[in-house]
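[1] Mind folding the following:
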Amino acid sequence: MIATDGKLFVCARGTGLKLNRIHLYAEEGGRTMDLKQWSRKVVVWLLVMALCLSPVFTPGNMAIAQAEETDSGENKVILKNPAIDKSAGMVVWDCVYFGNYWQSEYTPKAENQPEHGEEDVVHTDTDGTKYIVRKDAKCYKYEPVKWRVLSVNEDGTDVFLIADQVLDVAQYYSEYGVEITWANSDIRYWLGEDFFYTAFTGDEQDKILVSEVKTPDNPWSGEPGGNDTIDDIYLPSIDEMLNLSYGFSSDVTEGDTRRITVTDYAKVGGTPEKPADGFMSYWLRSPGTGKGCPAQVGHWGEGEILTEPSVVLEKSVSYLGVRPVMHVDLSDASLWSYAGKVTPKGVFVPAEEPELDSPIIKKLENKKGKKVTVTLSKEVPGAGGYQVAYAVKSSMEGQKTKSFKGMSVTVKGLKKKKTYYFRVRAYRKENGKTVYGKWGKKKSIKVKI
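    Numbering: from 1, shown residues only. Predicted coordinates for the structure are as follows:
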């Protein structure tokens, strides 16, 4: 149901008495925006006006810089624009971890198995791992999302990111045969609400830049792209997926730079199209060559961009892959971490100096039988596991170590009434070798039981 007076309208999605979501939207100069985003936009306008009225801020003082890289501060990594070697036909993207979403299949601890028949129920395991139960009765872990860097300014306050994998599946629009554009598509609402609030904390949301999104008409048929929109997170366009500076092939039919893998979670999202060799088709926000026919990137061949009605019209109501893009301020290094580099098809390229964040010990607990349980405060992005070290000397001389996975580990065989010092570091496997991060801060506890 859509009620409109030409300026402001309410849009409700659902069937019968059950509404999936209700949106209040405003139209501004041919652009469509959620009022949540609209209010943020007003704040931006007010700040700009205040600056413009200031005697020290004039157009003559403005500087425009074409930047290519940024230092991530405490991460000690310089993010760069895609490195393109035309002679070798190769491109390498820098990657970052930012936000969290359901991804890898997960097996809960024996004492915390979900009940039979659960679907889309969120749990927290005994070691602190967050996971969700899907309709296939399997569990999927809430873990850091990996993004490829498409462009970056000099101070890291505007980094254009695209998901490294298909993260989920969704309908572009829920009604068959309806003429639809990005501005009023179901998938836009889903990204701006369901995905946005699931994947990002409040602090992370504040760093996602509000973008004025233009959806050009179809370059071959002229099919209208619809109103401009104001979005936090959105789908890529045909133009963006043909952009050489972003590392993509400019050839519509040949571009393995656009072909990507899919997460375990997205594989069971309801799509009738099974992933081929780990790859999946995903939506673009651009129109195809027919009315109500959104474009997509195919999983077959070399990542061909598909626009013909005979190929994609029926799929406007199907559940296809979602590979979002967004502009983010990454100047606060505490909110993200470096994820190395990738080439087309997701081949990992080790960083010159790979670094993992140092784990933080949340607490140490005495357990019966002269044992101590070590619990971490949060996961280290990119870590394949952890190593705990413990010793009776604060210098860690004579320390013993134990490797573990998950958020906690129990150390046995300790001596009663002795004070032990603990520290933890993360590790990952690269080319068959184990790469360790730096040790985290020590914590001590006296064994009492």
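
[2] From now on I want contacts and neighbour counts done on CA atoms only, so please keep to that.
    Will do.

[3] can you map out the strands along the stretch 301-449 of the chain?
    305-306, 319-322, 325-328, 337-342, 348-349, 361-367, 371-376, 385-391, 400-404, 408-411, 419-430, 433-436, 443-446 (DSSP state E, counting those that start in this stretch).

[4] Okay, and the beta partners of Tyr234?
    Tyr234 has these beta-bridge partners by DSSP bridges: Val325.

[5] That one is in contact with Pro324, isn't it?
    Yes. Contact criterion C-alpha atoms under 8 Å: Tyr234 and Pro324 qualify, at 5.5 Å.

[6] Please, where are all the helices along the stretch 251-400 of the chain?
    For the stretch 251-400 of the chain, helices defined by DSSP state H, counting those that start in this stretch occupy the ranges 264-267, 309-312.

[7] What strand or helix carries the spatially most central residue of the chain?
    The residue lying closest to the centre of the chain (C-alpha atoms, centre = their mean) is Val145, at 3.9 Å. Assigned by DSSP states H and E, Val145 belongs to strand 139-152.

[8] which helices and strands does that strand pack with?
    strand 78-80, strand 90-106, strand 130-133, strand 159-163 (3 or more C-alpha pairs under 8 Å, 6 or more residues apart in numbering; DSSP states H and E).

[9] Nearest to Gly432, out of the ones you listed?
    Closest to Gly432 of the helices and strands packed on strand 139-152, according to C-alpha to C-alpha: strand 90-106, at 20.9 Å.

[10] helices or strands up against the helix or strand following that closest one?
    Note on strand 90-106: by DSSP H and E, the next helix or strand toward the C-terminus is strand 121-124. Applying 3+ C-alpha pairs under 8 Å, 6+ apart, one finds that strand 121-124 makes contact with strand 130-133.

[11] Would you mind pulling the contact partners of the strand it packs on?
    102, 106, 114, 118-125, 139-142 (C-alpha atoms under 8 Å, 6 or more residues apart in numbering).

[12] Recalculate using a threshold of 7 Å.
    Glu118, Glu119, Asp120, Val121, Val122, His123, Thr124, Cys139, Tyr140, Lys141, Tyr142 (C-alpha atoms under 7 Å, 6 or more residues apart in numbering).

[13] Could you list the low-pLDDT ranges of the stretch 151-300 of the chain?
    177, 254-255, 270-277, 300 (pLDDT under 70).

[14] Roughly how far does the nearest residue to Pro216 once chain neighbours are set aside sit from Glu193?
    Counting by C-alpha to C-alpha, 6 or more residues apart in numbering, Pro216 lies nearest to Gly225, which is 5.1 Å off, once chain neighbours are set aside. Applying C-alpha to C-alpha, to the nearest Å, the value for Gly225 to Glu193 is 22 Å.

[15] And these two? Which one has more around it.
    Neighbour totals were compared for Gly225 and Glu193, and Gly225 leads with 21 against 15 (other C-alpha atoms under 10 Å).

[16] So the more buried one is in contact with Val213, correct?
    No. Under the criterion of C-alpha atoms under 7 Å, Gly225 makes no contact with Val213, lying 11.0 Å away.

[17] Share the number of residues neighbouring Gly128, please.
    16.

[18] okay, now the domains of the protein?
    2-53, 66-349, 361-446 (automatic domain parsing).

[19] Go through those domains and name the closest to Glu355.
    Per C-alpha to C-alpha, nearest to Glu355 of the domains of the chain: domain 361-446, 5.7 Å.

[20] Averaged pLDDT, the closest one. What do you get?
    Throughout domain 361-446, pLDDT has a mean value of 94.

[21] first vs last residue of that domain, how far apart are they?
    End to end - C-alpha to C-alpha - domain 361-446 spans 16 Å.

[22] And that domain, how far out from the chain middle?
    The chain centroid and the centroid of domain 361-446 are separated by 29 Å, computed with C-alpha atoms, centre = their mean, to the nearest Å.

[23] can you check stretch 204-211 too?
    With C-alpha atoms, centre = their mean, you get 13 Å for stretch 204-211.

[24] Could you list the buried residues of that stretch?
    Glu204, Lys207, Ile208, Leu209, Val210, Ser211 (16 or more other C-alpha atoms under 10 Å).

[25] what's the answer for stretch 363-377, then?
    Neighbour-count burial for stretch 363-377 [16+ other C-alpha under 10 Å]: Leu364, Asn366, Lys370, Lys371, Val372, Val374, Thr375, Leu376.
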